[in-house]
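Student: Have a look at this fold, sequence not included:
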């Protein structure tokens, strides 16, 4: 049944193709400027001649909207008497814009998952070699509310922050995206639903798109050790990952060592967990998946493939990796091919970290808790600067696999493992900056924590910029020394060196000969020297910045040359990069 133009304001709606194939259209949560409610269906695959209508599942009615907004990909469609007709085959994002007697379509060519952009390459190893990436944790505990350093829901990050974040950071770690029991999201209920306390799927898609447009890759927080049931203790939500498969988990997919079998509060579910033994540590707050079960592993492979290819996620942060054998990480990464992944294996022993990297076939990075505890919590916090020399995975020569960090959502203001002790780290701003001076100068992939970015942005930007200009990377060579009240290091990049001086006796306030000051502060100094000129990181990653400086690349004429893999244009004594920024 196809009706004339009416406004059936009752969800759910679908984009229907040729009367028999439906694409779910989700409420974007925003009206257009003329007050229309908007519903979006992403990645609608159409062939030339396909007919498209709207379908209301509640009433069982389909109808034609004979108006197409004259922007986007409207030229690829024509309006028929009973449907709009695709004239050019392709994949489209289709918006149903509804207002009483004033419905219309808005159509644009899709770039994947509604998330926009992204890296579609499949990588054979999720620990990138000689990585120059700097990572950013774009949330803190329960920051879907303002907990003192600003709110970080998808809409908050996208409206006014994502552009700057994308300019300064290469990897942006977002909190768990899936529908959960609420809060920060570490007890997922339905992996395939991306609506939760952080915002809707459409808001997430917009944020991912903005980050990609500004040069950043997006890292999703992956919670696959455990999940919350949808009803009681043993009824689990169906997981629908589109073309990658649908799954209906049961209590047989839960480890038999789970509390479901022993806790009296499990009620009628008690004793129904019939999976294998847990191949890691137990998490008693939710139900533990049996990763020895091939169906469980198939579900998570589908989940990660769906995130990569439909939602345009570039990398993964695996939560609570003590909970399952880390060989599964290698299996999941091999199936989904992310650019990057990092394990959260919470242990300060460098040999333990290396052992679990080996379990994962070295196909991931891991958070370098050994450097956090040794160099920061025990070293800088107490003024024992000798602890910085040879610390953690960096000292073991495993910088490629190390993600260094100072605090995270888990430790910050919640845990005694916080830098300087629980509820203390922000009381020592000089020491926080000393830690970042070390971390942003050294090998590994450094991760900046959201509250620290909010508080110390002016100091962190020059450190990131020095790292970028000099080409310091995750496997850079370090020459260092330490003694009473000082730590001094020279770190060699592909385009120069960083000289970092930390501690009251390091001479941190004096610029070393041949170096340029990046930034100095309370007990630290970061200096750099370059082999060849290079523009600032935020400029080179943001082509829109050309308008801000008033120079168009097409207006730059001169001799083109390549230096350290970068293309430059020489005009007399001036040198410009390919975006028109003056670098010399």
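Tutor: Perfect, thanks for sending it. Everything numeric in this text was worked out from a predicted model, so none of it was measured. Numbering: from 1, shown residues only.
Student: got the buried residues for the host helix or strand of residue 480?
Tutor: In this assignment (DSSP states H and E), residue 480 forms part of strand 477-483. Residues 478, 482 are the ones in strand 477-483 that count as buried (16 or more other Cβ atoms under 10 Å). Where C-beta positions appear, they are placed from N, C-alpha and C, glycine not excepted.
Student: I'd assumed residue 369 was in contact with residue 346.
Tutor: Yes. Counting by Cβ atoms under 8 Å, residue 369 is a contact partner of residue 346 at 6.0 Å.
Student: Looking at the two, which is more packed in?
Tutor: residue 369 (24 against 15; other Cβ atoms under 10 Å).
Student: Which secondary structure state does the closest residue to the more buried one other than its chain neighbours sit in?
Tutor: Using Cβ to Cβ, 6 or more residues apart in numbering and skipping the chain neighbours, the partner closest in space to residue 369 is residue 348 (4.8 Å). When classified by DSSP: H, G, I helix; E, B strand; the rest coil, residue 348 comes out as coil.
Student: ok, residue 348 - how many residues close by?
Tutor: Residue 348: 17 surrounding residues under other Cβ under 10 Å.
Student: How confident is the prediction for it, by pLDDT?
Tutor: Looking at residue 348, its pLDDT stands at 97.
Student: That one and residue 266, how far apart?
Tutor: 35 Å (Cβ to Cβ, to the nearest Å).
Student: Please apply the same query to residue 28.
Tutor: With distances taken as Cβ to Cβ, residue 28 is found 39 Å from residue 266.
Student: Residue 379 now?
Tutor: Residue 379 is 46 Å from residue 266, by Cβ to Cβ.
Student: Check residue 223 too.
Tutor: Going from residue 223 to residue 266 by Cβ to Cβ gives 21 Å.
Student: Who has more neighbours out of these two?
Tutor: Set residue 223 next to residue 266 and count neighbours by other Cβ under 10 Å: residue 223 wins out with 24 against 21.
Student: hang on, that one packs against residue 186?
Tutor: Yes. The criterion here is Cβ under 8 Å, and residue 223 meets it with residue 186 at 5.5 Å.
Student: okay, and the common contacts of the two?
Tutor: Common neighbours of residue 223 and residue 186 (criterion: Cβ atoms under 8 Å, 6 or more residues apart in numbering): 176, 319.
Student: Student question: in this protein, what's the helix or strand with minimum average pLDDT?
Tutor: Between all helices and strands in the chain, the lowest mean by mean pLDDT, DSSP states H and E belongs to helix 545-549, at a mean of 27.
Student: what's the burial count for residue 457?
Tutor: For residue 457, the count of nearby residues is 12 (other Cβ under 10 Å).
Student: per-residue confidence for it?
Tutor: Here, the pLDDT recorded for residue 457 equals 97.
Student: again with residue 119
Tutor: Looking at residue 119, its pLDDT reads 72.
Student: Test my guess that residue 226 contacts residue 322.
Tutor: No. Counting by Cβ under 8 Å, residue 226 does not reach residue 322; the two are 11.6 Å apart.
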